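1. Pasted the sequence and its predicted model underneath.
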Amino acid sequence: MTAQTIDGKARAARIIDAVKRAAEALRHETGTEPGLAVVIVGEDPASQVYVGSKARTAKECGFKSVKHVLGADTTEAALLGKIRELNADPTIHGLLVQLPLPGQIDEAKVIEAIAPDKDVDGFGLTNVGRLSTGAIDEAFVPCTPAGAMILIRDVVGDDLSGKTAVVVGRSNIVGKPMAQLLLAANATVTIAHSRTKDLPAVCRGADILVAAVGRPEMITGDYVKDGAVVIDVGINRIAAPEKGLSDDGKPKTRLVGDVAFASAAEKAAAVTPVPGGVGPMTIAMLMANTLTAAYRAAGKTPPGF
Ligand SMILES: Nc1nc2c(c(=O)[nH]1)N[C@@H](CN(C=O)c1ccc(C(=O)N[C@@H](CCC(=O)O)C(=O)O)cc1)CN2
């Protein structure tokens with residue numbers, strides 16, 4: 001079987017376009033300009049790229065976009081103070097702190113400090129609770145699983161009744177909310193992880209296989225059922241000596257997912273690539289969540305995506 005490559009980049013561009021138009025309509029009707037604040041602590045190079053992309057895309061959507069860059073030695077108290085300030089700012093509708101955080105800061109405390117109605121990452125307990133009790137329309141759903149779910153719906157349809165889904169990975173940011181979304185769409189869901197017995201066999205039972213393990217190219221064709229839809233959430237930078245050396249004398253790198261694309265594509269009906277699959281959807285869904293927060297703050301019903 002030759003798999004369809006699911007184009008997350010093009011899908012994300014369409015969502016961003018729709019967000020832009022809806023933001024313009026909100027401004028026209030109510031004078032509200034959606035505002036997104038992104039806070040980064042430290043200088044992790046990948047985080048800097050993601051935060052830059054979030055701030056730039058927010059501007060493209062016509063949002064107020066602010067980026068707060070705090071030093072790697074920032075204390076937890078100072079970060080919590082910044083969050084309090086942004087929680088109280090009426091021009092900011094969406095607020096997130098880029099993860100991971102330096103070791104001196106308790107991530108859970110920081111996430112809980114963000115006001116639930118501005119928690120556009122959907123990581124706080126209020127939004128987690130809404131999602132897991134089926135109150136999805138009131139929740140902010142974490143951006144990566146929300147984006148992955150749109151790609152799944154595009155290929156498989158809205159109702160996953162009778163379909164089996166396996167999510168490999170049990171993180172709070174991806175694995176667990178992904179499983180909740182699949183369950184809410186009526187799929188029969190298994191969450192698998194590193195301690196699952198005979199993981200390839202469990203995965204081969206999946207009509208929809210979501211890989212979020214953080215291990216480069218671990219999911220080969222041996223894990224894939226004929227005709228499955230495979231969603232790769234992994235983003236791993238690995239050495240690529242075939243590309244030669246960088247200026248610092250180290251081998252150049254390339255980005256791969258948790259899925260061995262070519263091998264999985266021999267079995268699957270559809271696969272997301274890395275890059276260009278779920279990653280761009282993460283940013284698009286952040287824009288959609290921020291727009292939703294602004295609509296709610298203006299007392300308006302947000303559009304769906
Ligand atoms: N506060 C948050 N922190 C983190 C989140 C998050 O959702 N909220 N997710 C990840 C990182 N992330 C967004 O923050 C993110 C990762 C990857 C991409 C993306 O577009 N990837 C591209 C490739 C980009 C590259 O070349 O490096 C792709 O897959 O095509 C966007 C956002 C952890 N932290």
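-> Arrived safely, thanks for sending.
2. ok, and the closest non-adjacent residue to the one residue sitting closest to the centre of the chain?
-> Closest residue to the average C-alpha location of the chain: T144 at 1.6 Å, with C-alpha atoms, centre = their mean. Of all residues not flanking T144 in the chain, T282 sits nearest, at 4.7 Å (C-beta to C-beta, 6 or more residues apart in numbering). Where C-beta positions appear, they are placed from N, C-alpha and C, glycine not excepted.
3. you'd agree the one you found is in a strand?
-> No - assigned with DSSP: H, G, I helix; E, B strand; the rest coil, T282 falls outside any strand and is helix.
4. ok, the residue nearest to F123 when sequence neighbours are not counted - contacts?
-> Of all residues beyond its chain neighbours, the one nearest F123 is I111 (4.7 Å), with distances taken as C-beta to C-beta, 6+ apart. If a contact means C-beta atoms under 8 Å, 6 or more residues apart in numbering, then I111 has V97, D119, D121, F123, G124 as its contacts.
5. Columns neighbour count on top of those, output as a markdown table?
-> Formatted as a markdown table, those follow (neighbours: other C-beta atoms under 10 Å):
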| residue | neighbour count |
| --- | --- |
| V97 | 24 |
| D119 | 26 |
| D121 | 24 |
| F123 | 23 |
| G124 | 20 |
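6. which ones among those are found in strands?
-> Counted as lying in strands by DSSP state E, out of those, are V97.
7. just the contacts of I111 now: which is nearest the ligand?
-> Nearest to the ligand among these, counting by C-beta to the nearest ligand atom, is D121 at 4.7 Å.
8. coming back round to it: now the residue nearest to F123: how far from the ligand?
-> 9 Å (C-beta to the nearest ligand atom, to the nearest Å).
9. what's the answer for G205, then?
-> 27 Å.
10. how far away is the residue nearest to F123 from R84?
-> Distance of I111 to R84, given as C-beta to C-beta, to the nearest Å: 14 Å.
11. What of M281?
-> Distance of M281 to R84, computed by C-beta to C-beta: 31 Å.
12. Look at these two and report which has more neighbours.
-> Using other C-beta atoms under 10 Å, the more surrounded residue of M281 and R84 is M281, with 27 against 13.
13. got the phi/psi numbers for the spatially closest residue to the more buried one that is not a sequence neighbour?
-> Nearest non-adjacent residue to M281, counting by C-beta to C-beta, 6+ apart: G147, 2.6 Å away. Backbone geometry at G147, expressed as degrees, to the nearest 10, gives phi -70, psi -40.
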